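>>> quick one: sequence plus predicted model below, questions after.
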Amino acid sequence: MAAKEEAEESPGTSSSSSSSSSSSSLLCKFSRHHWVTARHILEFLRCSERKYQRAITEPGEAVGATGAQSIGEPGTQMTLKTFHFAGVASMNVTLGVPRIKEIINAASKIQTPIIEVPLLNSGDYNCAVLVKNRIEKTLIADCCSYIKEVYSPEGAWLSLKLDAPTIQALFLDINADKVKEAILRHTMINKVRLSKNCVEVVNEWKLRVLPPGGDQIFFQLQALKAGLMEVVLCGYKDVKRGVIKREEVKGAPGGPPKHVYCLAVEGYGLREVMGTPGVRATGVTSNHVMEVAQILGIEAARQVIIDEIRKCMDAYSMDIDCRHMTLLGDVMTFRGEVLGINRFGIQKMRASTLVLASFEETNEHLFEAAAHHRADPVKGVSECIIMGKPMALGTGAFDILVAHPPCTPKREQETLLAKYKTPPAAAAR
């Protein structure tokens, strides 16, 4: 009975003992079948905790210098080459030092702007071809059998015939009327002015383009023949080309993997690509930081900066803590716009004259500050180093709020005490 009462009085003790016994039995079972023992596991946990405690950033530490060194030092191992785009043999992408320079300087023009486009119907190749042709610009030269000059007693003109099998194979909605509309959208083609009467539709696949007339008919025909080849029929003019990528994703549990299709578009025009029918707009990404900031906002641009730096580092098998890249993205975007780490971005980031003078154009910044009577609070790291003051880092990151009275020497303190303790009458005698 006593044992039963004791067990009823301490139910938590029995549950804790059972849990500890179960964990110890699990460790014993693990150590019985493997070379790793319970002592090894506990030592591993202690080592992990020590490393975690050492990795915690202390208040007042110069995280900017640490992040700059962590990103810049591996950059010395990079090359200056371009590499093939993953999964696409015919498309190259800039990596290494040139790409890092484009990201950090917030370049408005980059070498290989690429937009990755997921599709709504990603399992159908024909749908991928259809969306690709909607995005990629199609010229008259791409879907034309011939453009030849015709001279007759009635006059001279250009005869243009469309290639119907090619148009149907590319799923393009193009005919002679669409070509006429595309030509008339240009008021001048290769310095030759055209009117509505200059373009005639012969049948569904054939057109006739007449020169304006005058004494220079032969030269006008030559100029029109060269200019018509570059007229855009459909697609976006800022897109150079699009490539269909085939990717392998996991299928049903236990089943074979599935193949999906997406597009890699080289060029600009993120807004137009997102609005194309058949494109899953929420998944469209671009490697152009400035274009993303203009269309999707500053938070999206910050994420692109972080992702692109990570891609550059992963291409060289370099492992960098994501907090360094996050700090760089925050510094470049905290003003609400993307600012490069160059003299133009530094001028917008900082208002301190000494910081601007320490970076580039020292004399110009000092003369301008003196002419406009600008004051510098000397609170940043660079300013304090220049002026020889303690920096606001580490133990210099705080001030004393309550001022203490000045300490007096011991003899002087005893003299003051004796003076105040002496009665006034005795002092008068």
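Yes, it's here. Numbering: from 1, shown residues only.

>>> Trp205 - how many residues pack around it?
18 (other C-beta atoms under 10 Å). C-beta: built from backbone N, CA, C; applies to glycine.

>>> and it, what are its phi and psi?
Main-chain dihedrals, Trp205, degrees, to the nearest 10: phi -120, psi 10.

>>> that one contacts Lys161, doesn't it?
Yes - at 6.1 Å, Trp205 and Lys161 qualify as touching, with contact defined as C-beta atoms under 8 Å.

>>> state whether Val201 is indeed within a strand.
Yes - assessed with DSSP: H, G, I helix; E, B strand; the rest coil, Val201 lies in a strand.

>>> okay, buried residues for stretch 312-323 please.
312-313, 315, 320 (16 or more other C-beta atoms under 10 Å).

>>> quick one: contacts of it?
67, 70-71, 74, 77-78, 83, 95-96, 99-100, 103, 306, 310 (C-beta atoms under 8 Å, 6 or more residues apart in numbering).

>>> now do the same end-to-end measure for that stretch.
The first and final residues of stretch 312-323 sit 16 Å from each other (C-alpha to C-alpha, to the nearest Å).

>>> what mean pLDDT does that stretch have?
Stretch 312-323 carries an average pLDDT of 85.

>>> stretch 171-189 now?
The model assigns stretch 171-189 a mean pLDDT of 81.

>>> before we move on, the earlier item: widest-spaced pair of the buried residues of stretch 312-323?
The largest distance within the buried residues of stretch 312-323, taken as C-beta to C-beta, falls between Ala315 and Ile320 and amounts to 12.4 Å.

>>> ranges for the helices of the stretch 51-200 of the chain?
63-75, 97-104, 125-135, 164-169, 176-184 (DSSP state H, counting those that start in this stretch).

>>> who wins for proximity to Asn190 among those?
Here helix 176-184 is closest among the helices of the stretch 51-200 of the chain (C-beta to C-beta), at 11.9 Å.

>>> just the angle between that closest one and strand 199-203, please?
Inter-element angle recorded for helix 176-184 and strand 199-203: 170 degrees (by axes from the mean of the first three to the mean of the last three C-alpha atoms, to 10 degrees).

>>> and helix 176-184, what does it pack against?
strand 155-162, strand 199-203, strand 206-209, strand 232-234 (3 or more C-beta pairs under 8 Å, 6 or more residues apart in numbering; DSSP states H and E).

>>> next, the buried residues of the second one.
Neighbour counts using 16+ other C-beta under 10 Å place Val199 of strand 199-203 among the buried residues.

>>> direction included, what does that strand pair against?
Its sheet considered, strand 199-203 pairs with strand 206-209 (antiparallel) by DSSP bridges.

>>> the strand it pairs with - what's its average pLDDT?
Per-residue scores along strand 206-209 average to 85.

>>> after that strand comes which helix or strand?
Toward the C-terminal end, the helix or strand that comes next after strand 206-209 (DSSP states H and E) is helix 217-228.

>>> next up, the contacts around the closest residue in space to Leu162 that isn't next to it in sequence.
Once flanking residues are discounted, Leu162 sits nearest to Trp205: 4.5 Å by C-beta to C-beta, 6 or more residues apart in numbering. Residues in contact with Trp205, defined by C-beta under 8 Å, 6+ apart, are 161-162, 164, 175-176.

>>> can you redo those residues as TSV with neighbour count and distance to Gly394?
Listed next are the contacts of Trp205 as TSV, based on neighbours: other C-beta atoms under 10 Å; distance: C-beta to C-beta, whole Å:
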residue	neighbour count	distance to Gly394
Lys161	16	78
Leu162	23	74
Ala164	14	76
Asn175	16	74
Ala176	20	76
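
>>> going by distance to Met274, which of these wins?
The closest of these, once distances to Met274 are taken by C-beta to C-beta, is Asn175, at 28.1 Å.

>>> if I look at the closest residue to that closest one other than its chain neighbours, how far off is Val284?
Leaving aside its sequence neighbours, Asn175 sits nearest to Glu204 (C-beta to C-beta, 6+ apart; 5.3 Å). For Glu204, the distance to Val284 (C-beta to C-beta, to the nearest Å) stands at 35 Å.

>>> more neighbours, the two?
More crowded of Glu204 and Val284, by other C-beta under 10 Å: Val284, with 20 against 10.

>>> give me the pLDDT value at the more buried one.
Reported pLDDT for Val284: 92.

>>> and Ala164, what does it touch?
Trp205.

>>> could the buried residues of stretch 312-323 go into JSON lines alongside distance to Ala369 and secondary structure?
Listed next are the buried residues of stretch 312-323 as JSON lines, based on distance: C-beta to C-beta, whole Å; DSSP: H, G, I helix; E, B strand; the rest coil:
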{"residue": "Cys312", "distance to Ala369": "37", "secondary structure": "helix"}
{"residue": "Met313", "distance to Ala369": "39", "secondary structure": "helix"}
{"residue": "Ala315", "distance to Ala369": "43", "secondary structure": "helix"}
{"residue": "Ile320", "distance to Ala369": "37", "secondary structure": "coil"}
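
>>> nothing else from me, thank you.
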